[in-house]
Structure formats: structure tokens, C-alpha cells
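Asker: dropping the sequence and predicted coords here.
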Amino acid sequence: QPILVDFESATLKSTKTMFPEAIQTVQSLGLQNKYTNDDKFRINVKKLNGLVFVPVGDVLKAYSSLVNDFDDEDYLLLDCFERV
């Protein structure tokens, strides 16, 4: 018997939960202006949120690759994500 599971609602719910937390972290670190005006930074923050959808065995590799896309001064944000 095939089983059909709809993960779309779970994906949407987790995205709505994770994304505001990332934005709050950006704001608390004083990076809101950079997030608003720097397309590369904004995309990278969104990619950080996307790590939740990467298979568990690939998360560290994906994160390591993504970290290289951030500027050196963004280490405070990355430090917050590493602690979570």
C-alpha cells in the first residue's frame, strides 16, 4: 500500500518559525541595514534558514560551503547560528 504524505504544510510552518528568528537575530546584531541593502548578505541569511531542509548527513558540508559566502565581518551572525 503506497502512503502519501504532504510535507508542504510542515515546510511552510517551519519556515515561518525559523525566518522571523533569523531576522530578529540580524536586528539584534545591528545588521538590519545590511540585510535591507546588501542582496548577497540577505540571500546568505535566507540560505542559513534553508539548512533546516538539508539532509542531516549533509548539513555540516552545506554549512561549511555557505560560511565561505559571508563576509568576514558577519562572524557574529554565524556565531549565533553555530550556537543553536
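Answerer: Right, received. Where do you want to start?
Asker: in this structure, which spans are strands?
Answerer: Applying DSSP state E to the chain gives no strands.
Asker: quick check, residue 22 in contact with residue 42.
Answerer: No. Here residue 22 does not reach residue 42: they are 10.6 Å apart, not a contact under CB atoms under 8 Å. (C-beta placed from N, C-alpha, C; glycine too.)
Asker: ok, the two, which is more surrounded?
Answerer: Counted by other CB atoms under 10 Å, residue 22 and residue 42 do not tie: residue 22 has more neighbours, with 17 against 14.
Asker: that one and residue 57, how far apart?
Answerer: Distance, residue 22 to residue 57, using CB to CB, to the nearest Å: 23 Å.
Asker: quick one: the helices in this protein, in order.
Answerer: With DSSP state H as the criterion, the chain has helices at 8-28, 32-37, 39-50, 59-67, 75-83.
Asker: if you count neighbours, what's buried in the second one?
Answerer: This means helix 32-37. For helix 32-37, burial by neighbour count (16 or more other CB atoms under 10 Å) applies to 34, 35.
Asker: and it, what does it pack onto?
Answerer: helix 8-28, helix 39-50 (3 or more CB pairs under 8 Å, 6 or more residues apart in numbering; DSSP states H and E).
Asker: weakest of the ones you listed in terms of mean pLDDT?
Answerer: For these, the weakest mean pLDDT is recorded on helix 8-28, namely a mean of 65.
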